[in-house]
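Q: need coordinates for the below:
(4 chains)
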There are 2 protein chains.
Amino acid sequence: MGKRVYGQYCGFARALELVGERWALMVVRDLLVSPKRFRELQRGLPGIPSNVLTTRLKEMETAGVVERRLLPRSNHVVYQLTATGTALEPAVTELGRWGAKLLGPPRQGEVMTVDALVTALRSTFQPKAAKGVTAAYELHVGNMVVSACITRGRLALGTTPLSDADLTIEIGPALRDLLAGELSPRKALSSGLVQIQGNRTLLEQFVELFRI
Amino acid sequence: MGKRVYGQYCGFARALELVGERWALMVVRDLLVSPKRFRELQRGLPGIPSNVLTTRLKEMETAGVVERRLLPRSNHVVYQLTATGTALEPAVTELGRWGAKLLGPPRQGEVMTVDALVTALRSTFQPKAAKGVTAAYELHVGNMVVSACITRGRLALGTTPLSDADLTIEIGPALRDLLAGELSPRKALSSGLVQIQGNRTLLEQFVELFRI
DNA sequence: CCGGATCCTCGGTGATACTG
DNA sequence: CAGTATCACCGAGGATCCGG
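A: Alright, predicted model coming up:
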C-alpha cells in the first residue's frame, strides 16, 4: 500500500496497509484459487487498469504476499501467493461470507467469474453438514465450470470439469438465492432456473453443504 | 464506498465495496469494541481527516453497517454497528490475526490504541487452550487499561479496570513478542519489559491463552 | 499476443480552516 | 462537539504505446 499508513502499531492496521488498497484483495482472491499470469488476472478482474495491477503486484511482492515465478523453458511470468499470502484465506473467506449475505440481485453489468464462484463455494461450505459426506459436484454457470469434490467431509474445489461428477448443476445468478435458502431446490428445478444431471436428492444435499 | 465498484456479482467483491474503502474497516474495528461518538472515533484513529470520517460513517450508514443513535436527553450522537456490522467481527479478527504475524517492531511514530489492543487480544485468543479456564487479567499499556476475563473458557474483553484481577500485567510493545513466543515470560520479567502483580504462573497461562 | 510502461484526466484523500 | 468548506495533491481509471 505504499506510503498509505495508519500510524498504529496494530496487526489489523498492518494488514490493511499491506492488502487494504483497492484491488489488492481481489487479486489475492483470484490467486488463492490458482497461480496466474498477468493477462489471466486482468481477465478475471474486468476493469482493473493495467498499471494498477502492476503496482499492486509489485507492492504485494515487496510485502512478501505474492511472488513472481518464471515458468520453466518459456519466459512466461506467473504470479502466485507465498505462504504468507496463502494465509489470507481465512480472512478472505470470512469477508466473502459476510458479503454473500448482503448480495442482492445482480446489478446492471455485473459479471461472474470462475474465481468468484470458487471463493463463494469456499465461503459457504459447511464442514459440519459435510461430516462424512463424499460427493462430486460440477457447477455450470454460463460457460464456466467449477467442480466441488467432498471426500469424507473434506472439500476440494477446482476449475476443470470432472469426469465422474455425481451431480451436474446448471445454474445462473439464482445460485445465490439457492444457497441463501430463498429458493428451494424444488422451485429452482420446476422454474427452470436450475437444471441438473443426476439424482435430485443430491441437489438437496448440495444446498445443505453450501449455505449462505 | 460510493461509486467505487468492482463490477462482479460476488459476495467478496460486494464486501469490499461496502467496507473496503480506506479507513472504513478501521472504523469498524473500533466500533466493534464499543459504540462511539464522532470525537472518540477521531481520537482512536489519529490522522483520519474529519471529512473522511464523516463520509465513511455516512456510507456505512447507507450500507446498513453503522447506525446513528441519539443519546436520550442529550443531543449527543453515537455511532454503533448494526447487526450486519457486528457480523464483520470474524473477518476483522482473521485479518488482525494475519497482520499480527507480520507485525515487526513498531515504526517511528506508531501509536497503540485501546481498541487496537482489544482487537489484538480477540484475534489471538485460543479457545482450545482456554477450555475450562477461568481467570481475570488486566493489561496496562502506557496509560491504557484493557481487561480480559475468561470465564469457563469464554472470553470477555473490556476497557475499564477490574476490581479483582487475578493478574495485572504492565507491558509495552513487547506484548507482540510475548504473544508471538519470541519473548519468554521469564525473560520478559527479568528484562523488566513486563511487570506483573499476581502469580507469575498466571503470566505463563496468559501466553497460552493468547498466541500469535 | 504477453507483460507491462507511459500519459492524461478526474475524483477521492488528506490537511486545514471554519461554522452551527 | 460534530461536523462542513475549501483546496492541493496523489492515486485510480482509461487509453495508448512499446519491447520481446
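
Q: does A:L45 touch A:L25 like I think?
A: No: checked against C-beta atoms under 8 Å, the pair A:L45 and A:L25 is beyond contact range at 11.1 Å. All C-beta atoms are positioned from the backbone trio N, CA, C, and that covers glycine.

Q: what ranges does chain A have for its strands?
A: A:66-70, A:77-81, A:135-141, A:144-151, A:154-158, A:167-171, A:194-197 (DSSP state E).

Q: now A:P35: closest residue in space that isn't a chain neighbour?
A: Sequence neighbours aside, A:Q80 is the residue nearest to A:P35 in space, at 3.6 Å (criterion: C-beta to C-beta, 6 or more residues apart in numbering or on different chains).

Q: residues contacting the one you found?
A: Neighbouring residues of A:Q80 by C-beta atoms under 8 Å, 6 or more residues apart in numbering or on different chains: A:L31, A:P35, A:K36, A:V66, A:E67, A:R69.

Q: are any of those buried, and which?
A: Burial by neighbour count, judged by 16 or more other C-beta atoms under 10 Å in any protein chain shown, picks out A:L31, A:K36, A:V66, A:E67 from these.

Q: next up, the contacts around the third one.
A: Yep, that's A:V66 we're talking about. By C-beta under 8 Å, 6+ apart, the residues touching A:V66 are A:V27, A:L31, A:L57, A:M60, A:Y79, A:Q80, A:L81, A:T82, A:G85.

Q: can you read off the pLDDT for it?
A: A:V66 is assigned 96 on the pLDDT scale.

Q: repeat for the first one
A: On the pLDDT scale, A:L31 is placed at 97.

Q: tally of neighbours for the closest residue to it other than its chain neighbours?
A: Ranked by C-beta to C-beta, 6+ apart and with sequence neighbours excluded, the top spatial neighbour of A:L31 is A:L81, at 4.9 Å. Applying other C-beta atoms under 10 Å in any protein chain shown, we find 20 residues neighbouring A:L81.

Q: can you list the residues of chain A near DNA strand C?
A: A:4, A:37-40, A:49-51, A:54, A:57, A:68, A:76-77 (C-beta under 7 Å from any atom of the strand).

Q: what subset of the residues you listed is also close to chain B?
A: A:R4 (C-beta under 8 Å from any C-beta of the partner chain).

Q: now the residues of chain A next to DNA strand C as a markdown table including neighbour count?
A: Formatted as a markdown table, these follow (neighbours: other C-beta atoms under 10 Å in any protein chain shown):
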| residue | neighbour count |
| --- | --- |
| A:R4 | 11 |
| A:R37 | 13 |
| A:F38 | 16 |
| A:R39 | 12 |
| A:E40 | 16 |
| A:P49 | 10 |
| A:S50 | 11 |
| A:N51 | 8 |
| A:T54 | 11 |
| A:L57 | 21 |
| A:R68 | 12 |
| A:H76 | 12 |
| A:V77 | 14 |
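
Q: among the residues of chain A next to DNA strand C, which two are most distant?
A: For these, the farthest-apart pair by C-beta to C-beta is A:R4 and A:H76; their separation is 31.4 Å.

Q: A:V33 reaches A:V146, doesn't it?
A: No: in this structure A:V33 lies outside contact range of A:V146 using C-beta under 8 Å: 9.6 Å.

Q: which of those two has more residues huddled nearby?
A: A:V146 (23 against 20).

Q: let me see the contact set for that one.
A: A:V146 neighbours (C-beta under 8 Å, 6+ apart): A:V114, A:L117, A:V118, A:L121, A:E138, A:L139, A:L157, A:G158, A:T159.

Q: ok, A:R68 to A:P35 distance?
A: 10 Å (C-beta to C-beta, to the nearest Å).

Q: so what's in contact with these two at the same time?
A: Joint contacts of A:R68 and A:P35 (C-beta under 8 Å, 6+ apart) are A:V78, A:Y79.

Q: break chain A down into its domains, please.
A: What automatic domain parsing lists as the domains of chain A is A:11-87, A:112-209.

Q: save those domains as a markdown table, and put in distance to B:A91 too.
A: As requested, the domains of chain A are arranged in a markdown table below (distance: least, C-beta to C-beta, whole Å):
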| stretch | distance to B:A91 |
| --- | --- |
| domain A:11-87 | 10 |
| domain A:112-209 | 11 |
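
Q: nearest to A:G104, out of those domains?
A: Evaluated with C-beta to C-beta, the domains of chain A place domain A:112-209 nearest to A:G104, the distance being 8.6 Å.

Q: and the residue nearest the centre of chain A, what is it in contact with?
A: The centroid of chain A falls nearest to A:T119 when counting by C-alpha atoms, centre = their mean (1.9 Å). Each residue near A:T119 by C-beta under 8 Å, 6+ apart is listed here: A:R29, A:L32, A:V33, A:V92, A:T93, A:G96, B:C10, B:G11, B:F12.

Q: list of residues touching stretch A:203-210?
A: With contacts defined as C-beta under 8 Å, 6+ apart, stretch A:203-210 is touched by A:121, A:124-126, A:129-130, A:133, A:135, A:137, A:148, A:150, A:167, A:169, A:178-179, A:181, A:185, A:188-189, A:194, A:196.

Q: which positions in chain A make contact with DNA strand D?
A: A:2-4, A:21-23, A:47-52, A:55, A:75.

Q: and the buried ones among those, selectable in PyMOL?
A: Remark: buried members of those, expressed as a PyMOL selection using 16+ other C-beta under 10 Å:
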select buried, chain A and resi 21+22+23+48+52
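
Q: so which of the residues of chain A next to DNA strand D sit within helices?
A: A:S50, A:N51, A:V52, A:T55 (DSSP state H).

Q: which single residue in chain A comes nearest to DNA strand D?
A: At 3.5 Å from DNA strand D, A:P49 is the closest residue in chain A, using C-beta to the nearest atom of the strand.

Q: what confidence value was assigned to that residue?
A: 94.

Q: one more: A:H76?
A: A:H76 carries a pLDDT score of 88 in this model.

Q: contacts only, for it.
A: Going by C-beta under 8 Å, 6+ apart, A:H76 touches A:R37, A:L70.

Q: now it: how far from chain B?
A: Distance of A:H76 to chain B, given as C-beta to the nearest C-beta, to the nearest Å: 26 Å.

Q: repeat that for A:R97.
A: Relative to chain B, A:R97 is positioned 7 Å away (C-beta to the nearest C-beta).

Q: count of residues packed around the nearest residue to that residue once chain neighbours are set aside?
A: Distances taken as C-beta to C-beta, 6+ apart place A:S123 nearest to A:R97, at 4.3 Å, with adjacent residues excluded. When counting by other C-beta under 10 Å, one arrives at 24 neighbours for A:S123.

Q: wait, doesn't A:S123 sit right on A:A100?
A: Yes: counting by C-beta under 8 Å, A:S123 touches A:A100, with 5.9 Å between them.
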